[in-house]
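Visitor: sequence-free structure coming up:
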């Protein structure tokens, strides 16, 4: 993979993340529909984030398993992310909400996303410093 393509991928990831983060800056109270939107945006942002990390590993010509959790572990080892447990939880929530929608999970997951989604921004900033 060439550097220009990697940079475009990082900026695409940043754009998705900004869309997610913007909603938390602009409001405090969310309707059920807005919560659903935030969860879907979170799912998309986590998806594009781990795929961006995969491209970073490919750019560095590293051998790794293509499984998202393995990509997260390798990224942690290389200091692209600083909380392995949190990113594992991001992936778990993404998978859970993508496959089994439940109001019970939705409330807990929304609260978790609201408290922790800013860590995605932190990872993107690390990638931008190294590659852009």
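Guide: Nice, thanks for sending it over. What you see is a predicted model; the values in this text were computed from it and never measured.
Visitor: what sits against residue 33?
Guide: The contact partners of residue 33, taken as CB atoms under 8 Å, 6 or more residues apart in numbering, number zero. Yep, even glycine has a C-beta here, placed from its N, CA and C like the rest.
Visitor: how far does whichever strand or helix holds it sit from the chain's center?
Guide: Per DSSP states H and E, residue 33 falls inside helix 32-59. The chain centre lies 4 Å from the centre of helix 32-59; the measure is CA atoms, centre = their mean, to the nearest Å.
Visitor: gap between the helix or strand just after that helix and the chain center?
Guide: As assigned by DSSP H and E, the chain's next helix or strand after helix 32-59 is helix 68-77. Helix 68-77 has its C-alpha centroid displaced from the chain centroid by 12 Å (CA atoms, centre = their mean).
Visitor: what sits against the closest residue to residue 52 other than its chain neighbours?
Guide: Residue nearest to residue 52 in three dimensions, not counting chain neighbours: residue 13, with 4.3 Å by CB to CB, 6 or more residues apart in numbering. Residues in contact with residue 13 (CB under 8 Å, 6+ apart) are 45, 48, 49, 52, 124, 127.
Visitor: what angle sits between the helix or strand harbouring residue 13 and helix 32-59?
Guide: Taking DSSP H and E as the definition, residue 13 sits inside helix 3-26. Calculated by axes from the mean of the first three to the mean of the last three CA atoms, to 10 degrees, helix 3-26 forms an angle of 160 degrees with helix 32-59.
Visitor: what about helix 3-26, distance to the chain center?
Guide: Centroid separation for helix 3-26 versus its chain: 10 Å, with CA atoms, centre = their mean.
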